[in-house]
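Q: A structural model of the following input is requested.
(chains A and B)
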There are 2 protein chains.
Amino acid sequence: MTERPSDPETGTDETNRTTADVGRLVAVGIGPGHPEGMTVRARETLQAVEQIVGYETYIDLLPDALLDAAESVYATGMGSEVERTESAVDRAIDGASVALVGSGDPNVYALGGLVLEVLESRGVAPAAVDFEVVPGVPAAQSSAARLGAPLVNDAVTISLSDHLTTREEIESRLRAVAPEDFAIAIYNPWSPNRAAIFQQACEILLEHRAPDTPVGIVHGAGRADEQTRLLTLGELPEMGDAAVLDMTATIVVGTDETRIWGDRMITPRGYERKYDY
Amino acid sequence: MTERPSDPETGTDETNRTTADVGRLVAVGIGPGHPEGMTVRARETLQAVEQIVGYETYIDLLPDALLDAAESVYATGMGSEVERTESAVDRAIDGASVALVGSGDPNVYALGGLVLEVLESRGVAPAAVDFEVVPGVPAAQSSAARLGAPLVNDAVTISLSDHLTTREEIESRLRAVAPEDFAIAIYNPWSPNRAAIFQQACEILLEHRAPDTPVGIVHGAGRADEQTRLLTLGELPEMGDAAVLDMTATIVVGTDETRIWGDRMITPRGYERKYDY
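A: Reported below is the predicted structural model:
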């Protein structure tokens, strides 16, 4: 945990803010993590706020110029999502302008919802804080971009993490969508203590989709440590020990129509049934 | 259809390009449409390419400075997706560097896949053109941002357009996901000749979800004509004639746990079952 000086809770008021001011709280998605993957609005928001709060790994991904411009940067480690979010909310209730940053989009397995839940739990009126979400490119889309065009039709995102969802719900959702020809983006796909649910997910998918269905795995899309692997659904159960597959990777499972061309996955959009080209 | 001068097909070579050069083709997602919603990489890509190709509505959303920097801008109207994509592909095969722009993300009901399909149809090797996807913020995420945090868990995107997918497939997919507590983002939700499938979609959802399930409709997220409406699933069937609902709007259907706080939709991420805050 790191904290730079000039915390508004000390009561100092270097920005001429008065206690009557309404605080501002922005959940900012920074996209895949490299500075160019951020939207212009995300960058401008981080430049404008007084305080930046986030998971230390995401804070480390931000350009130094942005961090230096903030009065205060508060970074916490993995597993401190609730404490971090509470801190951001309480700073905003105190009247500060605060950005809570995360990778991808605040609405995709991220803290956009927890911010509102914590804000509500504080007993303040919804208007007590000026709340905003600045969307970012989700991992499903930044990963799909590296694979070609695997997600261009109806698609599903499912997380294999059973930390906040039960294993039964995850399996039930996989069973529901596997036969329906959705492209499926799987988040949090593998860790040593999640090996069993990963194997179960593979089995459910293989009950409904052919073993030669194309699958892509992307680790660290667009970052320095990016790794991309194309394989088949039949090969997926063996991937548990592969370096490419960890909790930060995204697996994209193709549909019955998805094919490989060169090193690209293509899920046809359907134009080929109507047009000659 | 508009075309500015210095088309590479004329053989002029103002950029010292030789015919042996490999063309470059980038599918660029510009996000919700306002210039600040674009990623830094999308903007830099559009600045770097020689030619920009796109649907005229999206071209109109680009800053003039970007359009002026291009040697050639080729804009076509609605319904010309295939012709537009063929044009972009053939320019790249001829050696030009070309951006095919679209709103949202190239992997979400967009032309990322058609580019690869057309490229493949031309009989060239995959390496004949340097192909890339620059991801953008999808409409589901830019709309969800305006509504609060309705999509923070497992989610589905389904298009109600039966232009390229059969109506039976759309209904079957809705039936599969409605009971599973996915948040559902519905694209292309309503037009006068799609009224029947919209009504059918409402009926399927109401078979499995309570009439008081929160629903948000966002039209033109982040643009000048933005409209946002919060309602219940029970009210949705009556919305066909509302101005907010057209083919460019996105409907976000909450889960059993989604609630309204102030003017925000919150789908709890699940932390409240494990933590006190």
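
Q: for the stretch 151-277 of chain A, what lies in contact range of chain B?
A: Contact residues, the stretch 151-277 of chain A versus chain B (Cβ under 8 Å from any Cβ of the partner chain): A:151-159, A:163-165, A:169-170, A:172-173, A:176-177, A:179-182, A:261-264, A:266-275, A:277. (Glycine included, C-beta is placed from N, CA and C.)

Q: out of the residues you listed, which are inside helices?
A: Secondary structure assignment by DSSP state H places A:169-170, A:172-173, A:176-177 of those in helices.

Q: can you pull the contacts of whichever residue of the stretch 101-250 of chain A sits closest to chain B?
A: For the stretch 101-250 of chain A, the nearest residue to chain B under the criterion Cβ to the nearest Cβ is residue A:126, separated by 2.5 Å. Contacts of residue A:126 were listed using Cβ atoms under 8 Å, 6 or more residues apart in numbering or on different chains, and they are A:119, B:261-264.

Q: one more time with 6 Å, if that's ok
A: Contacts were defined as Cβ atoms under 6 Å, 6 or more residues apart in numbering or on different chains; by that measure residue A:126 touches B:261-262.

Q: torsion angles phi and psi at it?
A: Dihedral pair for residue A:126: phi -50, psi -30, per degrees, to the nearest 10.

Q: and the gap between it and residue B:93?
A: As judged by Cβ to Cβ, to the nearest Å, residue A:126 and residue B:93 stand 54 Å apart.

Q: residue A:148 and residue A:265 touch, don't they?
A: Yes - the pair residue A:148 and residue A:265 passes the contact test of Cβ atoms under 6 Å, sitting 4.7 Å apart.

Q: more neighbours, the two?
A: Between residue A:148 and residue A:265, counted using other Cβ atoms under 10 Å in any protein chain shown, residue A:148 has the larger neighbour count: 32 against 24.

Q: pLDDT score assigned to the more buried one?
A: Residue-level confidence at residue A:148 comes out at 96, pLDDT.

Q: next, it: phi, psi?
A: Per degrees, to the nearest 10, the residue geometry at residue A:148, taken as phi and psi, is phi 120, psi -110.

Q: so what's it up against?
A: For residue A:148, the contact set (Cβ under 6 Å, 6+ apart) comprises A:264-266, B:116.

Q: show me which pair in those residues is furthest apart.
A: Distance extremes for the contacts of residue A:148: the farthest pair is A:265 and B:116 at 8.8 Å, using Cβ to Cβ.

Q: tell me where chain A has helices.
A: Counting by DSSP H, chain A has helices at residues A:40-48, A:56-61, A:64-69, A:81-93, A:112-121, A:139-147, A:167-177, A:195-208.

Q: for chain B, what's the nearest residue on the stretch 151-277 of chain A?
A: residue A:262 (2.5 Å).

Q: and residue A:47, how many residues sit next to it?
A: Close neighbours of residue A:47, defined as other Cβ under 10 Å, add up to 12.

Q: got the contact list for it?
A: Contacts of residue A:47 were listed using Cβ under 6 Å, 6+ apart, and they are residue A:69.

Q: let's see that with 7 Å instead.
A: Under the criterion of Cβ atoms under 7 Å, 6 or more residues apart in numbering or on different chains, the contact list for residue A:47 reads A:66, A:69.

Q: go on, residue A:272?
A: Remark: with contacts taken as Cβ under 7 Å, 6+ apart, residue A:272 is in contact with residue B:117.

Q: for residue A:267, same thing?
A: When contacts are counted by Cβ under 7 Å, 6+ apart, residue A:267 touches A:149-153, A:183, A:254-255, A:257-258, B:113.

Q: any idea of the pLDDT on the closest residue to it other than its chain neighbours?
A: The shortest distance from residue A:267 to any residue that is not its chain neighbour, by Cβ to Cβ, 6 or more residues apart in numbering or on different chains, is 4.5 Å, and that residue is residue A:258. According to the prediction, residue A:258 has pLDDT 97.
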